[in-house]
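[1] I'll drop the sequence and a predicted model, then ask my questions.
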Amino acid sequence: MTTENMINKMFTVNSLKKIIGEQNNRIYKRTVSSVIEPKNEVSTNLDALKIVYKYMSKNHRNEYFYKNTLINKILLGRHSVRTSTAIRELPILNNILDLLIINGIGQVYEIKTGLDNLLRLQDQLNAYYMVFSYCNVVTDVSHLSAVKELLAKTPTGIILLTNRDTLHVEKEAVEFNDKLNSRTMFNVLRKYEFENILMSEYGILPETTQSKYYEACFELFERINLKKSQEYMLKELKKRNPIDETNYKQFKNVPKEIKSLVYFSDYKNKEYNELNDFLESKYIKGDS
């Protein structure tokens, strides 16, 4: 298995949980061993993670690296984790939206790394505009010219992940509402979320059989003005924020290298304590 494949396997929500619980140490130790250099000083597991992440920055900026950069620099750097919410891998029609950040408005971030192609990009954006009014493509210099040409006369924003791992806005996203679609918005919502919306708008829920309940709810949702229904939807999606007063302090201390993994893991106090114990523990070298 290549170093790049091992990194991809290591930086996932489930893999981190297993590594902390010492259920998946083999892939972790092999990954660290494959990137470590004699000059590196590795005392703790945090040191080891930092070395792997630095390797990613220079050699393998995969989708996780992009998402983690967006979480660190936009959700946490530009906004506040207390007042904004990030949602990853949201299904919309036949697509999976990479990252959504809600802070008053909903901003879509579709990631195209240097490892990706642009074949489906237009179809993906068309789907996302049925639900959200602001979309951005985040890419690197290898795709920049092609993305600029493709999106020149569109409302879609373009963000460059520079070689210094900063985010440079090449083109600002402009509000675009022409494709908003009630059905597609409704399908994004969970049952209790669209019920909250209907109660807010009408004060009642439909009385019908279980088999007809979903469509009856949609018929009521469809009657709401499109922009108002989008506002309702964003308000409900924003409530999915996994960070609150009970875990804010613990989350704030999570190292930037694994910030998005922890954010999307819904950790409780017990998990944060286990994470801290792991990071502070002595790194024990494994087989390469």
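    Thanks, I have it.
[2] Now do the strands in the stretch 1-150 of the chain.
    Residue ranges of the strands in the stretch 1-150 of the chain, as given by DSSP state E, counting those that start in this stretch, are 85-92, 95-103, 105-112, 134-139.
[3] For the shortest one, enumerate the helices and strands it packs against.
    In this case it means strand 134-139. strand 105-112, helix 121-128, helix 141-151, strand 157-161 (3 or more CB pairs under 8 Å, 6 or more residues apart in numbering; DSSP states H and E). All C-beta atoms are positioned from the backbone trio N, CA, C, and that covers glycine.
[4] What lies in contact with that strand?
    66, 70, 105-113, 121, 125, 128-129, 147, 151, 155-161, 167, 173-176 (CB atoms under 8 Å, 6 or more residues apart in numbering).
[5] again, only using 6 Å
    66, 105, 107-112, 125, 128, 147, 156-159, 173 (CB atoms under 6 Å, 6 or more residues apart in numbering).
[6] Just the mean pLDDT for it, thanks.
    For strand 134-139, mean pLDDT is 98.
[7] what would the strands of the stretch 1-150 of the chain look like in CSV with distance to Asp47?
    As requested, these are exported to CSV (distance: least, CB to CB, whole Å):
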stretch, distance to Asp47
strand 85-92, 27
strand 95-103, 28
strand 105-112, 28
strand 134-139, 29
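[8] Let's have the ones you listed in CSV, adding mean neighbour count and distance to Tyr272.
    What follows is the strands of the stretch 1-150 of the chain, written out as CSV (neighbours: other CB atoms under 10 Å; distance: least, CB to CB, whole Å):
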stretch, mean neighbour count, distance to Tyr272
strand 85-92, 18, 18
strand 95-103, 20, 23
strand 105-112, 22, 26
strand 134-139, 25, 29
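[9] Tell me which of these lies nearest to Gln210.
    strand 85-92 (23.4 Å; CB to CB).
[10] Tell me which strands that closest one pairs with, and in which orientation.
    strand 95-103 (antiparallel) (DSSP bridges).
[11] those helices in the protein, which residues are they?
    Using DSSP state H, the helices of the chain run over 3-10, 13-20, 25-35, 45-59, 63-70, 121-128, 141-151, 182-188, 191-202, 210-222, 226-238, 248-252, 259-263, 269-280.
[12] for the second one, which positions count as buried?
    By neighbour count with 16 or more other CB atoms under 10 Å, helix 13-20 contains the buried residues Val13, Ser15, Leu16, Lys17, Lys18, Ile19, Ile20.
[13] can you give me the offset of it from its chain's centre?
    17 Å (CA atoms, centre = their mean, to the nearest Å).
[14] quick one: that helix to helix 25-35, angle?
    90 degrees (axes from the mean of the first three to the mean of the last three CA atoms, to 10 degrees).
[15] ok, now the first one?
    Calculated by the same axes, to 10 degrees, helix 3-10 forms an angle of 140 degrees with helix 25-35.
[16] Name the residues of helix 3-10 that are buried.
    Buried, per 16+ other CB under 10 Å, within helix 3-10: Thr3, Glu4, Met6, Ile7, Asn8, Lys9, Met10.
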